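Engineer: Coordinates only, no sequence provided:
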C-alpha cells in the first residue's frame, strides 16, 4: 500500500453544551494478518514505529496508558497523554481514552476475501473545535501512512519528520468540507 492508498477519513460532529463532539472514522484494508496489525496498534514495541512511544501500557480493560508522541516538539501540546484502556479484546479491539485526544479505538478483523489481510476500522471521538477536527483528520491520516510503511518493514524515522505532509493533508481535509 502506498501513502495514496490510505483512504481519507470521514467525520461527524454533534453539538453539545461543553463544545462540539467530533467522531472521526477511517477504514483501511491492510495486506497483513490481524496478529501483525494487532502488534502494531496494541503493543509498546509496535506503537513507536508509527504513532507514539507507549511509556506505559497495561494490556487489559481499565489498564493505564501513557503515550508520548514522537513527532511533536518537546514543549508541544499533546506531546504526552495519559488515560485508560477502555476496551480490550485481544487481536480484535484496542481502545485508549486519553487526555486531549479523547477515545482512540482500533477494531481489527480478517478481510472477507483474504484471511491474511486485515480490515482496520479506526474511530477517534473527542470534544474540540472544527480546527482541531481538521488537525486530527490530517494527523491520523499521516500516522496511518506511517503504519502502512511500518507494517511493510519501514518504521517511521522520527528524526526526519517535518510538518510538510501534515500541512498538505490538512489542506486536503479543509477542502473536503
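Structural biologist: Arrived safely. Given the structure is predicted, the values throughout are model-derived calculations rather than measurements.
Engineer: So what's the predicted local confidence for residue 144?
Structural biologist: Here the pLDDT value assigned to residue 144 is 98.
Engineer: right, I mislabeled it, should have said residue 72
Structural biologist: In this model, residue 72 is scored at 62, pLDDT.
Engineer: Who is the closest residue to residue 109 other than its chain neighbours paired with across the strands?
Structural biologist: Nearest residue to residue 109 in three dimensions, chain neighbours excluded: residue 119, at 5.3 Å (Cβ to Cβ, 6 or more residues apart in numbering). Where C-beta positions appear, they are placed from N, C-alpha and C, glycine not excepted. Residue 119 has the following beta-bridge partners by DSSP bridges: residue 29, residue 109.
Engineer: Find the centremost residue of the protein, please.
Structural biologist: residue 140 (5.1 Å; Cα atoms, centre = their mean).
Engineer: elements contacting the helix or strand harbouring that one?
Structural biologist: Per DSSP states H and E, residue 140 falls inside helix 130-151. Helices and strands touching helix 130-151, by 3 or more Cβ pairs under 8 Å, 6 or more residues apart in numbering; DSSP states H and E, are strand 10-14, strand 21-30, helix 34-42, strand 114-127, helix 164-175.
Engineer: Out of those, which is the most enclosed?
Structural biologist: Scoring the helices and strands packed on helix 130-151 by mean neighbour count under mean count of other Cβ atoms under 10 Å gives helix 34-42 as the most buried, with a mean of 19.
Engineer: Taking strand 21-30 as reference, get the angle to that helix.
Structural biologist: What separates the directions of helix 34-42 and strand 21-30 is an angle of 140 degrees, with axes from the mean of the first three to the mean of the last three Cα atoms, to 10 degrees.
Engineer: Having no further points to raise, I will conclude here.
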